[in-house]
Every structure is written in C-alpha cells, then in structure tokens.
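Student: below: sequence and its predicted model.
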Amino acid sequence: MHPKVGKVKKTEITKKKIAVDTTKILRTVNDNEAFYFYEALGKPTGEKANSLAEFAEKVKTAKLESLMFHIQRKDFQNWIEKTLGDKELASRIAKLPLTNKQKARTQLQSIVEKRITELNTEPSMLLIPPTYIAHPVPLA
C-alpha cells in the first residue's frame, strides 16, 4: 500500500555552486588566440577579435557572408568555449536559427551582449544556483 502524498518537498541535489571564471572569459587574448574572421576558406576579411567585447563590436560590422560562414562551421562556438572558456555562451550561439540570415547578425549580437552583461554582474565569479528536485512527502 502506498502512503498518501501531500506537500512536495524540494531537496538540493547539487551541494556545490558552479563557478564560472568571468575574468578568463572577459580577458583580452594575444593574437595567436584571437578570432580571425573569414568570408570563406582561404579568404580572410582582415578583421580579428582579441576579446569577447571586441568580438561583439566586430559582429556589428562584419560582412553577413563572414558571419554565416562561421556560424555554419561552429567557429564562434569553438573559439568562445575552447579559448575563452564560456560553454554557456557557446551553447546559446549553437541554438541560433539559421532560417533567416538577415536576422543572424542581430540575434548573434544580442546573445553576445546579453552574456557580457551577465558576466559583468559579478567581476570575478558568476555563481550558478544549485539544482533542486521535487519529491512527495507522505502525509502523517
């Protein structure tokens, strides 16, 4: 026989908060780690970004062909995750819909600028709250 179920109790299942090193993500990298923009393979635009802030600015003026080239190849996500260390932003960019190329620039720009704002809310570490699960509590 199953006990009667009343209220739902939340239990913390992750005790640790995940710290994201915002100083690493927002830092300026040297030229050998910079992001270099291309229109196609073997066709560089001459533009590069040495930081996430610089990247956000370059997205505003980069040729649409260059943005689409890099989005389709997942170059932006790879640079942001592997060089800057921001898996969250890389994940958000990966979800960009490619159905409307004209909106790609504004959507990418919005995603990056929003993330920069989030990262600047806490200068050294951004804490992600623990995850909770709900389970029933038997009635007395």
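Tutor: Yep, that arrived.
Student: which sections of this structure are below the confidence cut-off?
Tutor: Applying pLDDT under 70 to the chain flags the ranges 1-19, 122-140.
Student: do that again at 90, thanks
Tutor: 1-22, 97-104, 121-140 (pLDDT under 90).
Student: the helices in the chain, which residues?
Tutor: Counting by DSSP state H, the chain has helices at residues 22-25, 52-61, 64-73, 75-78, 87-94, 101-120.
Student: looking at those, which is nearest to Phe35?
Tutor: helix 52-61 (6.1 Å; C-beta to C-beta). Glycine gets a C-beta too; all of them are placed from N, C-alpha and C.
Student: buried ones in the closest one?
Tutor: With burial defined by 16 or more other C-beta atoms under 10 Å, the residues of helix 52-61 counted as buried are 52, 54-56, 58-59.
Student: follow-up on the earlier one: now the helices of the chain in CSV, with distance to Thr45?
Tutor: Below are those laid out as CSV (distance: least, C-beta to C-beta, whole Å):
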stretch, distance to Thr45
helix 22-25, 24
helix 52-61, 9
helix 64-73, 5
helix 75-78, 13
helix 87-94, 19
helix 101-120, 14
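Student: and Lys58, how far is that from Leu84?
Tutor: 14 Å (C-beta to C-beta, to the nearest Å).
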